[in-house]
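> model the structure of this input:
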Amino acid sequence: MIVLSPRNLTTAFALCAAFHVAPANAQALEDRFWLEASAYFPKVDTDVSVSSNTANNIGTQIDLESDLGLDDDSTLPAFFAGVRIGGNFSIGAEYYSLGRDGTVDLARDITFDGVTYPAAASVTSSFNTDVYRLTLGYAFVRNDNLEIGGALGLHATDFEIQLEGTGNVGNTTGQFQSRRRSVLAPLPTVGLFATFEVAPRVTLNGRIDYLSLKIDDYDGRLINSQAAIMYRAFKNVGIGAMYRYVDYRVDVEKANWRGRVAYEFKGPAIFLQIGF
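Residues are numbered from 1 along each chain as shown. Modelled structure (predicted):
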């Protein structure tokens, strides 16, 4: 399936999700508000398939990195904000995006959304992803140097994929064909998080978020885990490093097409945090 996104959807932000936002991201335990900017350096593995119901064909499972030559590593900027709202509750929101494009001479035939692009054809492709997350967390345990809790959230992923090149549709061959699909997939998540101040100014943070659920046109699965360490260099400023692993899949069933997108992110990140 394909899933791609019309960006700047305000509803997406409202659906912001728990992908990477368990309420305690890496903030100092005494903070009530915190803002964080990070640079994430993941290895990326993405598989996409799109079948046209009207053309009655089955789309090829396409490895975007191997088949279409898209970069398998990138630098992703990410932004996070959190606030404690009292009674051991907290809210967190995050946004990050990944956009890639490329041109390649195909090594095999590929069928995408009713078009078959033959081997040796030059195909230009793009794949853009915007991820919005929102979580509500509750700390079951909270004291001066330890916090442990659970989170409920929404993970909204906005996908867009496009292929262009000389392809075949039914009995029509050798003509320029362009196909694009996009979709916003909002999915709920549940998670656990923990923050531990191991020494003055030094905190460790970990979390895991999960979902496996079918809602209307979407059938999705998400595993997100992260571990971070932060040093509070100044009273309100911290610097840190983290490692994140994300395994995500969503199937889409629409009236005239169906598809799947699956991707895996894994790698380190560095971040700067301001807390009050």
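
> what ranges of the stretch 1-150 of the chain fall below the confidence cut-off?
1-28 (pLDDT under 70).

> now the strands for it?
With DSSP state E, counting those that start in this stretch, the ranges of strands along the stretch 1-150 of the chain come out as 33-40, 43-52, 62-63, 76-86, 89-105, 110-112, 115-117, 122-142, 146-169.

> from the centroid of this structure, which residue is nearest?
residue 131 (4.8 Å; CA atoms, centre = their mean).

> was I right about that residue contacting residue 156?
Yes - the pair residue 131 and residue 156 qualifies as a contact (CB atoms under 8 Å) at a distance of 7.4 Å. Just so you know, the C-beta spots here come from the backbone N, C-alpha and C atoms, and that holds for glycine as well.

> residue 268: neighbour count?
For residue 268, the neighbour count with other CB atoms under 10 Å is 12.

> could you give the average pLDDT over the helix or strand containing it?
Residue 268 is part of strand 257-275, with elements assigned from DSSP states H and E. If you average the pLDDT over strand 257-275, you get 94.

> can you add distance to residue 191 and give the strands of the stretch 1-150 of the chain back as JSON lines?
Output for the strands of the stretch 1-150 of the chain, formatted as JSON lines (distance: least, CB to CB, whole Å):
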{"stretch": "strand 33-40", "distance to residue 191": "17"}
{"stretch": "strand 43-52", "distance to residue 191": "22"}
{"stretch": "strand 62-63", "distance to residue 191": "29"}
{"stretch": "strand 76-86", "distance to residue 191": "14"}
{"stretch": "strand 89-105", "distance to residue 191": "10"}
{"stretch": "strand 110-112", "distance to residue 191": "34"}
{"stretch": "strand 115-117", "distance to residue 191": "40"}
{"stretch": "strand 122-142", "distance to residue 191": "7"}
{"stretch": "strand 146-169", "distance to residue 191": "4"}
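
> quick one: closest of those strands to residue 203.
strand 146-169 (9.6 Å; CB to CB).

> helix or strand right after the closest one?
strand 172-199.

> and the angle from the helix or strand that that following strand is followed by to strand 122-142?
Next helix or strand after strand 172-199 toward the C-terminus (DSSP H and E): strand 202-215. Relative orientation of strand 202-215 and strand 122-142, computed by axes from the mean of the first three to the mean of the last three CA atoms, to 10 degrees: 120 degrees.
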